[in-house]
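In: sequence and predicted structure are below.
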Amino acid sequence: MSKWTENDIPDQSGRVAVITGANTGIGFETARALAARGATVLLACRNLDRAQAAAKRIAESAGAGVAETVQLDLNSLASVRKSADEIRGRYDRIDLLINNAGVTGLSGHTEDGFEIQFGINHLGHFAFTGLLLDRLADVPGARVVTVSSIGHRFGRIDAGDPTAARGNAYGKSKLANLLFTYELDRRLSGTAAIALAAHPGGASTEVFRYSPALFRLPNSVVARLFGRTPAMGALPTLRAATDPTAMGSEYYGPAGIFEIQGYPATVQSSSRARDPERQAELWIASERLTGVHYN
């Protein structure tokens, strides 16, 4: 299958998909495509007004699908817990959990005192997934898909102090996404669910809104290089979430040169991401930092 597109998404009728950061960019396109195939999509977003506007746009074109919203601020573990409680009250089962939301270029700390990119991109999603996992684990075909980045290759994590604000903070958070995915998939062995990861390649989305001006100039070389549309950028996530042949611990990204452009295929992560010792160390640290312990 050389060119996997939205047309290859199987029927999603009766399935529930929770997608973080789904009011814009890749998250929105992921939600739109799943709803178009009949899924109920829950847009879990920080700004509820924007989420509701996005849900309305999806509902107007989704056909049989349903678009709903819940407020989720990954900057705050209290918000993560509140959002998870609300979702648990609404749904007895979740078929897809797509950890899509992310930030880059920000400095500072989360409400809980973590370096902000690591706190939002990894710890917030780690806690959110753990609090919802019992809604997925026994659901046939359930998947947790976490969106990483090419930038994970530039990340380093100090096992002794995983939240230390040193080096490439964004790369570190995206490396954490992959370490988390591989360890989660291993721990899901024996359940009905699997964990996978994806990255969008070079997609022009709002994730760059806090980045240096060079990345935000519409006519710059960098902007053209990263000029894939959000719809194309969403394809690796959608394939990881819906391709019947996909397997646990697989990582999807564009098949083109440097994984920047092209249609989605399985790709390789860095050797650091595939290190079982690093995966286990980060897991233990993440449980300690968030207070969320997986069963």
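Out: Alright, I've got the coordinates.
In: any idea which helix is longest in the chain?
Out: In the chain, with assignment by DSSP state H, the single longest helix is helix 169-187.
In: ok, then the element right after that one?
Out: Next helix or strand after helix 169-187 toward the C-terminus (DSSP states H and E): strand 194-198.
In: can you give the distance of the longest helix of the chain from its chain's centre?
Out: Chain-centre distance of helix 169-187: 11 Å, with Cα atoms, centre = their mean, to the nearest Å.
In: so that helix versus strand 194-198, what angle?
Out: Angle of helix 169-187 versus strand 194-198, following axes from the mean of the first three to the mean of the last three Cα atoms, to 10 degrees, is 160 degrees.
In: any idea how far S13 lies from T30?
Out: 17 Å (Cβ to Cβ, to the nearest Å). From N, CA and C alone the C-beta is placed, and that goes for glycine too.
In: compare neighbour counts for the two and give me the winner.
Out: Taking neighbours as other Cβ atoms under 10 Å, S13 and T30 compare with T30 leading, 30 against 11.
In: ok, the more buried one - contacts?
Out: For T30, the contacting residues are I19, A22, I98, N100, A234, T237, L238, A241, by Cβ atoms under 8 Å, 6 or more residues apart in numbering.
In: in helices, which of those fall?
Out: Counting by DSSP H, these place T237, L238, A241 in helices.
In: by neighbours, which of those wins?
Out: T237 (30 neighbours).
In: what's across from the residue nearest to it when sequence neighbours are not counted in the sheet?
Out: The spatially closest residue to T237, leaving aside those adjacent along the chain, is A198, at 4.4 Å (Cβ to Cβ, 6 or more residues apart in numbering). Following DSSP bridges, A198 is listed with bridge partners V147, Y252.
In: what mean pLDDT does stretch 251-265 have?
Out: For stretch 251-265, mean pLDDT rounds to 89.
In: also stretch 170-180?
Out: Rounded mean pLDDT across stretch 170-180 is 95.
In: how about it as CSV, C-alpha atoms only?
Out: Taking Å, rounded to 0.1, in the frame of the first residue of the first chain, the C-alpha atoms of stretch 170-180 are listed here in CSV:
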residue,chain,number,x,y,z
TYR,A,170,10.9,20.0,22.7
GLY,A,171,13.1,17.1,21.5
LYS,A,172,13.1,15.7,25.0
SER,A,173,9.4,15.8,25.3
LYS,A,174,8.9,14.0,22.0
LEU,A,175,11.5,11.4,22.9
ALA,A,176,9.4,10.9,26.1
ASN,A,177,6.3,10.3,23.9
LEU,A,178,8.1,7.4,22.2
LEU,A,179,9.6,5.9,25.4
PHE,A,180,6.1,6.1,26.9
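In: re earlier: now the ones in helices among the contacts of T30 as TSV including distance to A142 and pLDDT?
Out: Converted to TSV, the ones in helices among the contacts of T30 look like this (distance: Cβ to Cβ, whole Å; pLDDT from 0 to 100):
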residue	distance to A142	pLDDT
T237	16	98
L238	16	98
A241	10	98
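In: now flag whichever of the residues you listed is closest to T40.
Out: When those are compared for distance to T40 (Cβ to Cβ), A241 comes out closest, at 14.0 Å.
In: so that closest one touches T146, yeah?
Out: No - between A241 and T146 there is no contact, the gap being 10.9 Å when judged by Cβ atoms under 8 Å.
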